[in-house]
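# can't give you the sequence, but here's the structure:
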């Protein structure tokens, strides 16, 4: 606006120069002056209104920006303190969690080691129990058979011809329930030769029954002890399994918490640094804005007072010159057209000087920043009028040239500011687009990482389910193996008893049909009342009890009748007996083959079981290790996901900052860019006015030189 007014003033000067002749001959010079003053007043009033509107907008901007900065500084200070406390607390929590995780890992390793050692010990105890209980059961069965035979009437001497004698000898030597006296009685029975006296049947039955009771009691104690050890082992395994699971869960939970805290701490540190930097920038901007607003306010106050004084002066001048008495006076005092023609040179010079002086006055009011320069120009102009030399206005012209150069520099500075605004806005907008692209990329990475975490979690669940199913199959295989082993022991004992009983039966038949193969048993006293002892084999009876088959041969004594009338049939009976003996040998051989086959099958089954257990143990260890690896992988992916989320949050905050900065740039540059062309034109007009003023003063200087000559 100032440039427009300057251009108007110099246009008025130019118009005055071109229409000087017209004014001299046709117009009242005072009336012309009044009209010009009225136009000046109107222009100044319009300028005051526009500047007032702009200043009000500027003050509004200062107030809103100051309030926003104050809120930002307050919020930043509170956030900085909160982040510092959060970082300190997070660091302490991470340290504590790391210590807890190390402790849980030690506890889990100790529990796993104890489970492994206890399992190995338990397997050893089961094997020992199976061996000892199998032997005890076999001895009990033998004693029960012997006791049944004795109670049914079999003579002790005949009983000694079977394997029962060896069993009795072994049990009597080991049993603590047999007194020395009873042990001597049994020894005399077992060591008695044929024809020697031996203990009675009732005494033997009593001793065997006592031994049987003791062995049954021992077996019960073994089974009770085994049950207690098994229950204790299972209780220990359950407790340690819970302990391992609890430690594993605690490790997983605390590792996840530690990872989350580490990510959060890293984000807080970045946020703290950004907050501190933003706080410094806001504080500096607030201070600068306050100084700038205060300076502009003071300048506006000075300018408003100057403009008011200018309006007042113009109004008073108009009132004074427009008064009727003043007009009448000017008619009498001012020279007429003829006088004006005579003094045209002087008047021309004075008009130029007055117009230049008026221009300088106007610029002093409109451009307070350069008021001192215009005041110096005005003073130099007045001194030039008083000077009678041809160089009276050279100093003023030089000052005008300097002012033109200053305006050129201001235009150059504004050009640079315009280029800076355009470049900076483009740069910020490019940065904004880059951040938006980065946020989109990070969002995609977050989705991808979340899918990976879901996949790893599914794999872990599958592995855990596989471990549970493997444990179940191991438990079932172990139970099945125990049952198979127990069945093998029972079957082996039954087969051994059958072989021995078949041997005893064959030996009894050989006594009559194959005397050369007969093995005489140890002699036993002949029962009272019986002159001959004969053995008769009856139809074999089988009894099944818990899967064990016993072949029982009942033997009894009776008087041998006179068989002389059958002596001619001995060859026929010998042939029949040979067939029976052959069949019994075949049966005995078949049972022995079954025993060997059963032992081989048992060995193969045990080998397969051990291999399966080893494979299951290896697989479980591998799966457990893989679960831990997958858990670690999931923790790492979770940490990566949190990092990505933190990066996205940071980029979103940076985008908000960039958007705010772009808004600030638009706030400070939009008005410059929008009004740049108008201000450039106004400044060019102002420079043109100064150049015209220079020309006016140069003309006045020329007139002054003419007067001097």
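That came through fine. If you're wondering where the values come from, they're calculated on a predicted model, not measured in any experiment.

# Spit out the contact partners of the most centrally placed residue in the chain.
The centre of the chain sits closest to residue 638, judged by Cα atoms, centre = their mean, with a distance of 2.5 Å. Residues in contact with residue 638 (Cβ atoms under 8 Å, 6 or more residues apart in numbering) are 256, 259, 260, 453. All C-beta spots, glycine's among them, are computed from the backbone N, C-alpha and C.

# so where does the last one fall, helix or strand?
Using DSSP states H and E, residue 453 falls within helix 394-513.

# list the helices and strands that helix packs on?
helix 29-151, helix 371-386, strand 548-552, helix 570-708 (3 or more Cβ pairs under 8 Å, 6 or more residues apart in numbering; DSSP states H and E).

# Of those, which shows the lowest average pLDDT?
Ranked by mean pLDDT, the helices and strands packed on helix 394-513 bottom out at strand 548-552, which scores a mean of 34.

# quick revisit: distance to residue 284 added to the helices and strands packed on helix 394-513, as JSON lines?
Below are the helices and strands packed on helix 394-513 laid out as JSON lines (distance: least, Cβ to Cβ, whole Å):
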{"stretch": "helix 29-151", "distance to residue 284": "10"}
{"stretch": "helix 371-386", "distance to residue 284": "31"}
{"stretch": "strand 548-552", "distance to residue 284": "101"}
{"stretch": "helix 570-708", "distance to residue 284": "14"}
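
# which one of the ones you listed lies closest to residue 412?
Nearest to residue 412, of all the helices and strands packed on helix 394-513, is helix 570-708, at 10.6 Å by Cβ to Cβ.

# could you measure residue 91 against residue 270, distance?
Separation of residue 91 from residue 270 (Cβ to Cβ, to the nearest Å): 15 Å.

# actually residue 46, not the one I typed
With Cβ to Cβ as the criterion, residue 46 and residue 270 are 55 Å apart.

# Out of those two, name the residue with the larger neighbour count.
With neighbours defined as other Cβ atoms under 10 Å, residue 46 and residue 270 compare such that residue 270 has more, 16 against 13.

# what's the helix or strand for the more buried one?
Per DSSP H and E: helix 201-321 holds residue 270.

# Give me the helices and strands touching that helix, please.
Applying 3+ Cβ pairs under 8 Å, 6+ apart, we find helix 201-321 packed against helix 29-151, helix 164-174, helix 180-191, helix 344-366, helix 570-708.

# With distance to residue 204 added, can I get these in JSON lines?
Formatted as JSON lines, those follow (distance: least, Cβ to Cβ, whole Å):
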{"stretch": "helix 29-151", "distance to residue 204": "6"}
{"stretch": "helix 164-174", "distance to residue 204": "9"}
{"stretch": "helix 180-191", "distance to residue 204": "6"}
{"stretch": "helix 344-366", "distance to residue 204": "148"}
{"stretch": "helix 570-708", "distance to residue 204": "28"}
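
# List the contacts of the closest residue in space to residue 129 that isn't next to it in sequence.
Of all residues not flanking residue 129 in the chain, residue 226 sits nearest, at 4.7 Å (Cβ to Cβ, 6 or more residues apart in numbering). The contact partners of residue 226, by Cβ under 8 Å, 6+ apart, come to 125, 126, 129, 133.

# Which of the residues you listed are buried, as a ChimeraX select command?
Command for ChimeraX that selects the buried part of the contacts of residue 226, burial taken from 16 or more other Cβ atoms under 10 Å:
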select :126,129,133
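
# what comes up buried for stretch 659-668?
Using 16+ other Cβ under 10 Å as the test for burial, stretch 659-668 gives 661, 662, 665.

# how close does the second one sit to residue 503?
Meaning residue 662. Counting by Cβ to Cβ, the gap from residue 662 to residue 503 is 110 Å.

# Okay, now the unreliable bits of the stretch 351-500 of the chain?
Along the stretch 351-500 of the chain, the parts satisfying pLDDT under 70 run over 351-353, 355-356, 359-374, 377-378, 382-393.

# ok, 50 please
390 (pLDDT under 50).

# Name the nearest residue to residue 311, ignoring sequence neighbours.
Residue 311 sits nearest to residue 44 (Cβ to Cβ, 6+ apart), 5.8 Å away.

# Settle this for me: the one you found is touching residue 315, isn't it.
No: assessed by Cβ atoms under 8 Å, residue 44 is found out of contact with residue 315, at 10.3 Å.

# neighbour-wise, which of these two wins?
residue 44 (19 against 13).

# Okay, that one and residue 490: tell me how far apart.
Taking Cβ to Cβ, one finds residue 44 at 129 Å from residue 490.

# With residue 31 instead?
To residue 490, residue 31 is 148 Å away according to Cβ to Cβ.

# who has more neighbours, those two?
More crowded of residue 31 and residue 490, by other Cβ under 10 Å: residue 490, with 19 against 13.

# Tell me where the model's unsure across the stretch 151-300 of the chain.
Scanning the stretch 151-300 of the chain for pLDDT under 50 picks out 193-198.

# can you do 70?
153-183, 185-201.
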